[in-house]
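> A structural model of the following input is requested.
(one chain, ligands or ions: 2)
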Amino acid sequence: MKAGVIGAGAWGTALAQLLAADGAHVRLWALEPEVVEAVNRDRANPLYLPDIPLNAGIEATSDMADMADRDLLLVVCPAQHLRSVVAQAPAGVPLILCSKGIEAGTHLLMSEVAAQAQPQSPIAVLSGPTFASEVAKGLPTAITLACADAALAARIAARIARPAFRPYLSDDVIGAEIGGAVKNVLAIACGVAEGAGLGLNARAALISRGFAEMTRFGLARGARAETLAGLSGLGDLVLTCSSTNSRNFSLGKGLGEGQPAAALLAHRRTVAEGAFTAPVLREAARASGVEMPVVEAVCALLEDAAPLPQVIDALLARPIRAE
Ligand SMILES: NC(=O)c1ccc[n+]([C@@H]2O[C@H](COP(=O)([O-])OP(=O)(O)OC[C@H]3O[C@@H](n4cnc5c(N)ncnc54)[C@H](O)[C@@H]3O)[C@@H](O)[C@H]2O)c1
Ligand SMILES: O=P(O)(O)OC[C@H](O)CO
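Numbers count the residues shown, from 1 in each chain. Ligands and ions are numbered 1, 2, ... in the order given. Next up, the predicted model:
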């Protein structure tokens with residue numbers, strides 16, 4: 001299968017590197033002409049994945065028409081741009097969605113957005129605990145590959161699996177997507193706990209109670225509990241809530257240190273998806289009557305709606321209830 005990767009940020013570049021590791025030709029679509037030039041001329045992407053020499057089989061382009069001969073397209077743009085990006089992709093080619101988020105306004109998951117933007121294209125989702133730089137360096141990684149069509153999932157798995165990159169198959173596309181979207185918001189919360197010096201007990205509480213929120217929301221949207229407890233849910237939650245390698249965790253750390261959200265978000269080149277997902281998730285959860293107090297707290301901090309001590313007090317003062 002001839003693979004194309006749409007989006008040359010950290011994750012798209014790392015996936016292109018993975019796919020080209022065996023000498024295969026991989027075409028990488030980048031928005032920025034300087035990224036195309038750097039990949040083709042210098043075998044590097046200093047803007048988004050610095051210090052990683054890229055494989056010779058990666059050919060960058062900024063022309064989406066160059067993706068027309070691909071058998072498989074990995075879509076790796078920020079979630080809020082996925083609709084417009086997928087609409088430009090060639091029709092009918094299987095799309096593997098790697099973005100993590102929920103679309104603002106529609107509350108749709110990426111697979112639902114892609115199905116509207118490219119109704120002829122089969123869809124799969126690739127999601128799990130995967131820091132781009134580690135995958136690009138060939139460090140061991142396991143990930144969920146979710147697809148309603150088991151035969152297509154097997155074909156994709158055969159194309160993307162490597163000795164140190166191990167996909168686990170699932171037919172629960174919605175569950176895989178909800179885990180990836182919600183964990184980014186919870187990682188902001190854990191970053192806040194770190195930045196504010198609240199301690200590791202607080203972080204563990206946020207991970208566990210955050211996971212309860214993810215599960216409530218996921219079940220309400222038709223996800224399966226075992227998917228949420230797998231790589232794309234709990235696995236990614238644990239990864240992203242424990243390291244400043246996570247952009248979402250780092251954003252939260254800044255908030256916890258008292259820096260204003262607007263300053264932290266202004267002029268960012270890289271994407272902290274949780275900042276975009278949080279208000280959409282709050283809206284979607286409220287609309288379906290799902291309680292998500294940690295998500296509500298993250299929104300309050302991102303919107304500068306209340307000072308940090310007040311947000312923490314409000315979380316701690318919630319009524320005692322059964323776990
Ligand atoms: N970085 C990771 O480790 C990682 C791992 C798994 C999943 N993801 C997900 O992959 C997606 C992409 O993240 P990333 O880390 O590769 O990005 P990044 O933060 O490294 O780079 C930002 C990307 O956004 C693109 N972009 C900016 N404006 C755009 C527009 N108008 N239209 C299309 N693209 C635009 C840029 O070209 C660039 O590719 C996100 O949803 C993220 O959650 C990232
Ligand atoms: O840097 P983050 O917070 O966007 O996390 C990257 C990946 O989603 C981790 O799986």
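
> close to ligand 1: what parts of the stretch 101-250 of the chain are there?
Contacts of the stretch 101-250 of the chain with ligand 1, taken as Cβ under 6 Å from any ligand atom, map to G101, T130, F131, A132. Every residue, glycine included, has its C-beta placed from N, CA and C.

> and of those residues, the nearest to A60?
A132 (16.3 Å; Cβ to Cβ).

> still on that earlier bit, in strands only, show me the residues of the stretch 101-250 of the chain next to ligand 1.
In strands, judged by DSSP state E, none of those are found.

> which among those residues gets closest to A158?
T130 (19.0 Å).

> let me know the pLDDT of the residue nearest to the spatial centre of the chain.
When the chain is reduced to its mean C-alpha position, the closest residue under Cα atoms, centre = their mean turns out to be K100, at 3.0 Å. The model reports K100 with a pLDDT of 98.

> with adjacent residues omitted, what lies nearest to it?
Once flanking residues are discounted, K100 sits nearest to G180: 3.7 Å by Cβ to Cβ, 6 or more residues apart in numbering.

> I'd say the one you found and P129 touch.
No - G180 is not in contact with P129 according to Cβ atoms under 8 Å; the separation is 9.8 Å.

> need the residues touching each of those two.
Counting by Cβ atoms under 8 Å, 6 or more residues apart in numbering, the common neighbours of G180 and P129 are D236.

> and A20, how far from ligand 2?
21 Å (Cβ to the nearest ligand atom, to the nearest Å).

> and the residue nearest to K100, how many residues sit next to it?
By other Cβ atoms under 10 Å, 32 other residues sit near G180.

> just list the residues touching it, thanks.
Counting by Cβ under 8 Å, 6+ apart, G180 has contacts K100, S127, G128, S232, G233, D236.

> wait, which of these is closest to L18?
Closest to L18, out of all of the contacts of G180 and judged by Cβ to Cβ, is G128, at 13.3 Å.

> surely that closest one is in contact with G235?
Yes - the criterion here is Cβ under 8 Å, and G128 meets it with G235 at 5.9 Å.

> who touches both of these two?
A142.

> could I get the full set of helices for the stretch 201-323 of the chain?
Taking DSSP state H, counting those that start in this stretch to define them, one finds helices in the stretch 201-323 of the chain at 225-228, 236-240, 247-256, 261-265, 273-287, 293-302, 308-316.

> out of those helices, which comes closest to ligand 2?
helix 247-256 (3.6 Å; Cβ to the nearest ligand atom).

> only alpha carbons, please: show the closest one as CSV.
The C-alpha coordinates for helix 247-256 follow below in CSV (Å, rounded to 0.1, in the frame of the first residue of the first chain):
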residue,chain,number,x,y,z
ARG,A,247,1.9,20.1,25.3
ASN,A,248,-1.4,19.8,27.2
PHE,A,249,0.2,19.0,30.5
SER,A,250,2.7,21.9,30.0
LEU,A,251,-0.1,24.3,29.2
GLY,A,252,-1.8,23.2,32.5
LYS,A,253,1.5,23.6,34.4
GLY,A,254,1.7,27.2,33.2
LEU,A,255,-1.9,27.8,34.4
GLY,A,256,-1.1,26.3,37.7
